[in-house]
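1. turn this into a model:
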Amino acid sequence: MKKILREPFLHFICIGFGLFILYGLVNQKEDSKNTIVINDFDVSNLISTWEMQWKRQPTEQELKKLINLNVKQEVFYQEALKMNLDHNDEIIKRRLAQKMQFLSNDIASIMKPTDEDLNEYLKEHQDKYLTPYTYSFYQIIFSPDNRENHQKDALDVLKQFSNATIDEMKSRGDDLPFAYHFRTINATEVALKFGGRFPEMLVNQELNKWVGPVTSGFGEHLVYITERIEPRLPELADIKKAVKRDFEYDYQKELDENIYQELKKQYDIQIDIKSEDFDPKFVDYLQEEINQ
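-> Modelled structure (predicted):
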């Protein structure tokens with residue numbers, strides 16, 4: 001990811017400035033502040049927005065109304081600017097900052113990752129894509145609802161019948177609505193049935209012998225694991241959609257941060273906070289942190 005961002009970054013900055021110019025040209029109005037121009041782009045945008053909402057094109061009458069509403073909005077907008085109503089308005093600040101970020105989104109969308117890019121990303125973030133452990137096991141449960149000391153009972157049964165066969169052990173636990181045998185079930189499914197920590201406690205248990213007790217939200221279990229399949233990294237082709245989505249998300253975040261850092265260099269950012277209200281060390285730290 002870093003290599004991908006580092007090499008073409010200058011190109012994307014150039015593309016970014018090009019997009020800024022393009023946005024300016026597309027939305028360009030007459031020099032006079034009292035002139036409002038509704039052009040082809042504006043009308044097409046109104047139609048597209050309508051189609052997205054209503055799944056059809058507007059009628060001629062509806063389009064006229066949309067254009068009139070657009071003109072009304074533009075008039076109010078221009079008058080608001082003349083009255084400086086945009087100054088120190090947090091909502092407007094937030095919205096304009098979002099629009100700047102949308103521009104960086106446009107820049108990022110130009111970059112289409114290759115399979116080589118995605119494979120590199122997959123290797124760098126393989127922990128995100130490893131398949132979960134998969135188990136086949138038998139279990140019996142000792143419930144606190146049925147016993148005075150269910151933990152002791154589980155330990156006693158394990159000591160007394162540690163070499164019992166699968167069939168012999170089946171009747172030693174409590175009769176609860178749990179399957180006795182689970183075949184080829186992954187850790188995620190195990191967690192849903194028994195609780196989040198249950199599959200974690202199966203990872204290092206011995207195979208083909210009764211082990212435990214293993215705690216769940218329902219009591220103590222004795223478990224006989226017949227198979228444990230280790231996590232593996234799938235091939236890119238099997239998870240390409242997810243990897244591409246994550247790659248583009250991370251790429252967008254890092255590109256956005258890089259653009260922000262480049263733009264921030266143009267500003268002298270000062271922290272003007274009264275020292276009596278805050279710890280001076282905190283103010284110094286804040287100043288240093290922001291200007292990094």
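2. which residues in this protein form helices?
-> For the chain, the helices defined by DSSP state H cover 2-6, 9-26, 40-54, 60-82, 90-110, 115-124, 150-160, 166-169, 187-194, 236-264, 280-290.
3. domain parsing for this structure?
-> 1-111, 132-229 (automatic domain parsing).
4. among those domains, which is nearest residue 125?
-> In terms of CB to CB, the element of these nearest to residue 125 is domain 1-111, at 8.5 Å. (C-beta placed from N, C-alpha, C; glycine too.)
5. quick one on the thing from earlier: nearest to residue 180, out of the helices of the chain?
-> helix 166-169 (8.6 Å).
6. related to what we said a few turns ago, for the helices of the chain, which one sits closest to residue 218?
-> helix 187-194 (7.2 Å).
7. which strands or helices does the closest one pack on?
-> Other elements packing on helix 187-194 under the criterion 3 or more CB pairs under 8 Å, 6 or more residues apart in numbering; DSSP states H and E are strand 134-142.
8. give me the mean pLDDT for the strand it packs on.
-> For strand 134-142, mean pLDDT rounds to 93.
9. then stretch 57-69?
-> 87.
10. can you pull the buried residues of that stretch?
-> The neighbour-count check on stretch 57-69 (16 or more other CB atoms under 10 Å) flags 58, 66 as buried.
11. ok, residues contacting it?
-> 38, 43, 46, 47, 50, 51 (CB atoms under 8 Å, 6 or more residues apart in numbering).
12. format the helices of the chain as JSON lines; extra columns: distance to residue 220.
-> JSON lines is the format used below for those (distance: least, CB to CB, whole Å):
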{"stretch": "helix 2-6", "distance to residue 220": "48"}
{"stretch": "helix 9-26", "distance to residue 220": "57"}
{"stretch": "helix 40-54", "distance to residue 220": "56"}
{"stretch": "helix 60-82", "distance to residue 220": "67"}
{"stretch": "helix 90-110", "distance to residue 220": "52"}
{"stretch": "helix 115-124", "distance to residue 220": "40"}
{"stretch": "helix 150-160", "distance to residue 220": "4"}
{"stretch": "helix 166-169", "distance to residue 220": "14"}
{"stretch": "helix 187-194", "distance to residue 220": "11"}
{"stretch": "helix 236-264", "distance to residue 220": "37"}
{"stretch": "helix 280-290", "distance to residue 220": "50"}
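13. quick check: the gap between residue 254 and residue 43.
-> Distance check for residue 254 against residue 43: by CB to CB, to the nearest Å, it reads 37 Å.
14. returning to that earlier point: out of the domains of the chain, which comes closest to residue 240?
-> Among the domains of the chain, the nearest to residue 240 by CB to CB is domain 1-111 (16.5 Å).
15. for the contacts of stretch 57-69, which one is nearest residue 244?
-> residue 51 (27.5 Å).
16. where's the closest one relative to residue 38, distance?
-> 18 Å.
17. now do the same end-to-end measure for stretch 162-176.
-> 22 Å (CA to CA, to the nearest Å).
18. now that stretch: buried residues?
-> Across stretch 162-176, burial judged by 16+ other CB under 10 Å covers 164, 169, 172, 173, 174.
19. that one: how far from the chain's middle?
-> 44 Å (CA atoms, centre = their mean, to the nearest Å).
20. now do that stretch, average pLDDT.
-> For stretch 162-176, the per-residue pLDDT averages 86.
21. over to stretch 195-202?
-> 87.
22. who touches it?
-> 132-133, 135, 137, 187-188, 190-191, 214-218, 221, 223, 225, 228.
23. start to end distance for it?
-> 12 Å.
24. between the domains of the chain, which one is nearest to residue 249?
-> Nearest to residue 249, of these and by CB to CB, is domain 1-111 at 9.6 Å.
25. give me the buried positions along stretch 34-43.
-> residue 42.
26. stretch 140-151 too?
-> 140, 141, 142, 150.
27. next, the distance between the ends of it.
-> Stretch 140-151: ends 13 Å apart by CA to CA.
28. give me the distance from that stretch to the chain's centre.
-> Taking mean C-alpha positions (CA atoms, centre = their mean), stretch 140-151 and its chain are 41 Å apart.
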